[in-house]
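Visitor: Here is a sequence together with a model predicted from it:
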Amino acid sequence: MSTEEPLFLLVMLLVIPVVVTGRKNYRQGKVSLKRLTGFAGGEWFFVRSFLFCLFFACFIVFASLALAGISWGREPVQEDLEGLDVMFVMDVSRSMLAQDVSPTRLRAASDMALALTRSFSRARFGVVVFKGRAVRAVPLTEDREILENFFRQISPALVREPGTSIEAGLEEALRSFPKETAGRGRVIALFSDGESLSDFSGFSPEKAASGGIPVFAVGMGSSSGAVIRLSGGETVMGRDGQAVVSRLNAEALVSAARISGGEYFSSQDPGVLSSLADALADFEEERGRRGFRLSPVKRFRSFLFAGFVLVCMSILVRSLPWKKRK
């Protein structure tokens, strides 16, 4: 089971004021009824108030589930398969200036990305850069000159937000694929050292998987790590006065690749570029051969129908007479 917009689940919190208000209205209504008629209402009045509150609270729950985009199970989706779109997601945090990959992690990642643009002449490429937040630097394009100019100038100065959030980069990449070209093969190529403050609580890899968009992650760096030297030559120091050593955190990258249906590659592998290019080519070939992809079955219609029935029942409970008039 997956959720496209988990924040909408917070709508369920409205159940609390509904229950509190329903209880308050029941007490006030009972007092008013007794004052006007001398009759406290009895069991029927309590049942009607309880059912109205219950039905309306359940309506809120089902509406929340519908808005959140709950899905489970998979079904084949026929596609018009033509072309390949690759969105590069580049980590430009200061740790990418470490030199355990020559000349630096960031430069090596940029060279690999640029080499891929030359290997897939008919594909379109775009670039998202991220630190604590993500920015779409280059929309999907076939213009290799634009891409080359960008990768020559890539640096941590492109994003001012401190920190590192891989999730923010993946979210922006998913938003960067035009909806009208969903029939094209879509891939995310993530280049990062894995040092992230995000734990994918926003379900970015699941969103990628649901859209048939695998994440091919390349871990830039080594487990032994290296100090971080800025462009001016100074070394990044920690609060303890010692040089900060940045190490590859492959776990986060492996997780993103696995959940989305992609693969993980290490920059320490001499054949990493060839392996990544082969994986992209295999994805494009397999997709063209299949003619369809397995997509999660969205269940929002079921929740909407249940919510509609419940809100109608709550209205009927309040409007229909519950006692014969003499």
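Guide: Received the coordinates, thanks. Numbering: from 1, shown residues only.

Visitor: Just the pLDDT at the spatially most central residue of the chain, thanks.
Guide: The centre of the chain sits closest to Ser204, judged by CA atoms, centre = their mean, with a distance of 2.5 Å. If you check Ser204, the pLDDT there is 72.

Visitor: And the one 3 residues further on, by the same measure?
Guide: Among the per-residue scores, Lys207 shows a pLDDT of 82.

Visitor: isn't it right up against Pro6?
Guide: No - using CB atoms under 8 Å, Lys207 is not in contact with Pro6, being 10.1 Å away. In short, each C-beta sits where N, CA and C put it, glycine included.

Visitor: Counting neighbours, go ahead and name the busier of these two.
Guide: Remark: of Lys207 and Pro6, Lys207 carries more neighbours, 21 against 15, as counted by other CB atoms under 10 Å.

Visitor: And that one, how far from Met313?
Guide: Relative to Met313, Lys207 is positioned 34 Å away (CB to CB, to the nearest Å).

Visitor: and what of Val187?
Guide: 47 Å.

Visitor: the more surrounded of the two?
Guide: Between Val187 and Met313, counted using other CB under 10 Å, the more crowded position is Val187 (27 against 17).

Visitor: That one: what secondary structure?
Guide: Following DSSP: H, G, I helix; E, B strand; the rest coil, Val187 is assigned to strand.

Visitor: quick one: stretch 208-222 to chain centroid distance?
Guide: On the basis of CA atoms, centre = their mean, to the nearest Å, stretch 208-222 sits 12 Å off its chain's mean C-alpha point.

Visitor: So what would you say the end-to-end distance of that stretch is?
Guide: This stretch, stretch 208-222, spans 27 Å end to end (CA to CA, to the nearest Å).

Visitor: And for stretch 171-190?
Guide: By CA to CA, one end of stretch 171-190 lies 12 Å from the other end.

Visitor: and it, which residues are buried?
Guide: 171-174, 176-177, 184-190 (16 or more other CB atoms under 10 Å).
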